[in-house]
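Visitor: Provided below are the primary sequence and the corresponding predicted coordinates.
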Amino acid sequence: MATLWLATDKLGRNFALRIMHDDFRSGSSGPKMFRRGCEVMAKLPRHPNLVGYLDHGRKKGHDYMLMEYVEGANLREMAIREDPIIGQYLAEFILHMAAAMNHVQNHGYMHLDLKPENLVISRGGTLLLCDFDTTIPIPDEPKRLGKAAGTPLYMPPEQLNGQIVDNRADIYSYGVTAYEMLTQIKPFEGDSQKEMLENQMNPKYRIRPIRQFNPTIPALLEKAIHKCMAYLPERRYFSFPHLIRDLNKSLGVRAV
């Protein structure tokens, strides 16, 4: 939807400048989604696991957003090149991701596109959530979202089926992303995306245990991540604080 530029001001400070592609300037939902993402980021208070928002607007016919510059790469890029930092900071990333999502939902929003591409890892080993174009307010009651926006392999079955959705859609996406982070594979088998989606949509499909691929993972952590990916939303965690409690317990972190 947009190109990300490295911008420098007169004082030599670096920023990330996101400019919407010309292809989306008319006749599509792109401009609305881009502006919505900007507005959401402007409303969210700062958090150590969110990319910082600075400004947004329109200049010379182009919509833009200015953000803090994070020197690093997204989680997908790092996984492809088998960056050792993932293994070194695995527990921290699992907790950082949950903290970021909890912050978003605590302020009344569902992200709806949590995936490795939208998680930036700084050189210092901090995970930051970005890209809020699909974010919407959490509804008072579960609702249908209309045309699906997001990434199918990270969407919960009820969203893919066009059924009612609530904040537990983000819990599901968290589980899929964490599973990949812990195993370096996707939770749903298949030789093609179509086959993986078919397994994802099958209520009888049994996701392979995380510890089958990584036996060093604590059993309680495995249980928590699998609970996030339950086919039925009522079998998942109700909210991120409940999940974070179990993550802290499984990783031996003392709650403050």
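Guide: Perfect, I can see it now.

Visitor: how about low-confidence regions in the stretch 51-200 of the chain?
Guide: By pLDDT under 70, the low-scoring segments of the stretch 51-200 of the chain are 147-149.

Visitor: all strands of it, in order?
Guide: 53-59, 62-68, 72-74, 109-110, 119-122, 127-129, 136-137 (DSSP state E, counting those that start in this stretch).

Visitor: mind checking which of those strands is nearest Gly37?
Guide: Across these, Gly37 has its closest neighbour in strand 62-68 (7.5 Å, Cβ to Cβ). Just so you know, the C-beta spots here come from the backbone N, C-alpha and C atoms, and that holds for glycine as well.

Visitor: what's the spacing between the closest one and its chain's center?
Guide: From the chain centre to the centre of strand 62-68 is a distance of 20 Å (Cα atoms, centre = their mean, to the nearest Å).

Visitor: likewise stretch 212-221?
Guide: With Cα atoms, centre = their mean, you get 22 Å for stretch 212-221.

Visitor: one step back: adding distance to Val253 and mean neighbour count, write the strands of the stretch 51-200 of the chain out as CSV.
Guide: Shown next, in CSV, are the strands of the stretch 51-200 of the chain (distance: least, Cβ to Cβ, whole Å; neighbours: other Cβ atoms under 10 Å):
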stretch, distance to Val253, mean neighbour count
strand 53-59, 28, 14
strand 62-68, 27, 19
strand 72-74, 24, 18
strand 109-110, 25, 22
strand 119-122, 20, 20
strand 127-129, 15, 22
strand 136-137, 30, 14
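
Visitor: could the ones you listed go into JSON lines alongside distance to Ser29?
Guide: Listed next are those as JSON lines, based on distance: least, Cβ to Cβ, whole Å:
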{"stretch": "strand 53-59", "distance to Ser29": "17"}
{"stretch": "strand 62-68", "distance to Ser29": "13"}
{"stretch": "strand 72-74", "distance to Ser29": "23"}
{"stretch": "strand 109-110", "distance to Ser29": "17"}
{"stretch": "strand 119-122", "distance to Ser29": "24"}
{"stretch": "strand 127-129", "distance to Ser29": "22"}
{"stretch": "strand 136-137", "distance to Ser29": "13"}
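
Visitor: And the helices in the stretch 51-200 of the chain, which stretches?
Guide: 75-80, 85-88, 90-106, 157-160, 168-183, 193-200 (DSSP state H, counting those that start in this stretch).

Visitor: what packs against the first one?
Guide: So that's helix 75-80. When contacts are defined as 3 or more Cβ pairs under 8 Å, 6 or more residues apart in numbering; DSSP states H and E, helix 75-80 packs onto helix 85-88, strand 119-122, helix 168-183.
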